[in-house]
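[1] I'd like to go over a predicted model; first the sequence, then the structure.
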Amino acid sequence: MIRTETLNIRGMTCSACVRAVERAVGKVAGVQNVAVNFATEKATVTFEPEQVRLSDIKGAVDEAGYQALPDDGAADADEHRKQKEHEIRVWWTKFTVSAGFSIPLLYLAMGGMLGLPLPSWLHPMDSPRWYSLLELVLVLPVLAAGYRFYTVGFRAILKLSPNMDSLVALGTSAAFLWSLGATVRIWLGDVKMVDELYFETAGLIITLILLGKTLEAVTKGRTSESIKKLMGLTPKTATLLANGVEREIDVADVEVGDRHRGPPRREDPRRRRNRRGYQCHRRVDAHGRKHARGQEGRRQGVRRQHEQERPPRLPDDQGGKRHGPRPNH
């Protein structure tokens, strides 16, 4: 017996995460098919209950670094919306904190080269030690705001399935560790290493990625809400015809070979029949005039077009009873 279940997947950030979840679930014995939708954050799994339990599939997702939750359908819509709103607030808070420290860090790092005013005790040429120390202090809150990139990214690397978080974690870690070593050498007396500080690079990367994550969360929330609204248009019941008797049943109970009565046809108020019985409807042109369209309306339009294209009739003294000059052959 084949069983199909839908799970909510939390923690996916890119298409690489989708492939990681599909690969982890696909390795479980008894799983026939798995399809993960990144937009709706859902996974549809087809498996054999005799060989594998649903808890084993959830465990495989958890081991891959993500979270699998049961899908409650329409009852979960409000909870999903609240979760999305909370996620957007979290990303926005992280971006605000990161930007609040990255802007002064960027000013401190680039101010001397751009000729912006800096106090002498913060100028890299006059006070390299305090300059490097202040940059280190400013970048630490930015890295703390983006800590999730490191926890998820390095874990994905250890599982040999790197993703975009892994790329961010490696790039910013390299810039931070190199600058940290340069700061130590500056305090030991090698002031020339002040030109080897890249704290602002790590801070700006984290800030811009957080901004992108915030915008992505807003867009995904709107997309998921639109998809759920479209799915809500699906009829929940069907009218079953059995022995001349009609009764409503749940759509999930519909079987192959059942006879059903379709929904009543809705009459379009824009459509009507004209005097001759032709079906037509009205359209309004740019000047606000209403015109009837239909079979007869099209015929009248063709006749008016031919009359407009016909050449004007000339007087009798210019050619007689004919229209326009005779063409030359």
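    Right, received. Where do you want to start?

[2] quick one, helices of the stretch 1-150 of the chain?
    Here the stretch 1-150 of the chain has its helices, by DSSP state H, counting those that start in this stretch, at 15-26, 54-63, 77-114, 128-145, 147-158.

[3] what's in contact with the second one?
    Helix 54-63 is contacted by residues 5, 7, 9, 21, 24-25, 27-28, 31, 43, 45, 47, 67-68 when judged by C-beta atoms under 8 Å, 6 or more residues apart in numbering. The C-beta positions use only the backbone N, C-alpha and C, and glycine is treated the same way.

[4] Out of the helices of the stretch 1-150 of the chain, which gets nearest to residue 176?
    The minimum distance between residue 176 and these falls on helix 128-145, with 6.7 Å, by C-beta to C-beta.

[5] Can you point out the buried residues in the closest one?
    Using 16 or more other C-beta atoms under 10 Å as the test for burial, helix 128-145 gives 128, 131-132, 134-136, 138-139, 141-143, 145.

[6] Let's have these in JSON lines, adding pLDDT and distance to residue 161.
    Shown next, in JSON lines, are those (pLDDT from 0 to 100; distance: C-beta to C-beta, whole Å):
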{"residue": "128", "pLDDT": "89", "distance to residue 161": "42"}
{"residue": "131", "pLDDT": "91", "distance to residue 161": "40"}
{"residue": "132", "pLDDT": "91", "distance to residue 161": "37"}
{"residue": "134", "pLDDT": "93", "distance to residue 161": "38"}
{"residue": "135", "pLDDT": "93", "distance to residue 161": "34"}
{"residue": "136", "pLDDT": "94", "distance to residue 161": "33"}
{"residue": "138", "pLDDT": "94", "distance to residue 161": "33"}
{"residue": "139", "pLDDT": "95", "distance to residue 161": "29"}
{"residue": "141", "pLDDT": "95", "distance to residue 161": "30"}
{"residue": "142", "pLDDT": "95", "distance to residue 161": "27"}
{"residue": "143", "pLDDT": "94", "distance to residue 161": "24"}
{"residue": "145", "pLDDT": "94", "distance to residue 161": "25"}
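
[7] and residue 54, how far is that from residue 64?
    16 Å (C-beta to C-beta, to the nearest Å).

[8] Looking at these two, which is more packed in?
    A direct count of neighbours by other C-beta atoms under 10 Å for residue 54 and residue 64 places residue 64 higher, at 23 against 15.

[9] follow-up on the earlier one: the contacts of helix 54-63 into TSV, with extra columns for distance to residue 96 and neighbour count?
    Shown next, in TSV, are the contacts of helix 54-63 (distance: C-beta to C-beta, whole Å; neighbours: other C-beta atoms under 10 Å):
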residue	distance to residue 96	neighbour count
5	39	15
7	33	23
9	28	23
21	31	25
24	34	21
25	36	26
27	41	11
28	41	18
31	42	18
43	32	24
45	38	26
47	43	23
67	26	14
68	31	23
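
[10] show me what contacts residue 205?
    Residues in contact with residue 205 (C-beta under 8 Å, 6+ apart) are 168, 171-172, 175.

[11] so it, which of the three states?
    Secondary structure assignment for residue 205 (DSSP: H, G, I helix; E, B strand; the rest coil): helix.

[12] ok, now the one 4 residues further on?
    Look at residue 209: counting by three-state DSSP, its state is helix.

[13] wait, what's in contact with it?
    Applying C-beta under 8 Å, 6+ apart, the residues near residue 209 are 146, 149, 168.

[14] Apply 7 Å and report the result again.
    146, 168 (C-beta atoms under 7 Å, 6 or more residues apart in numbering).
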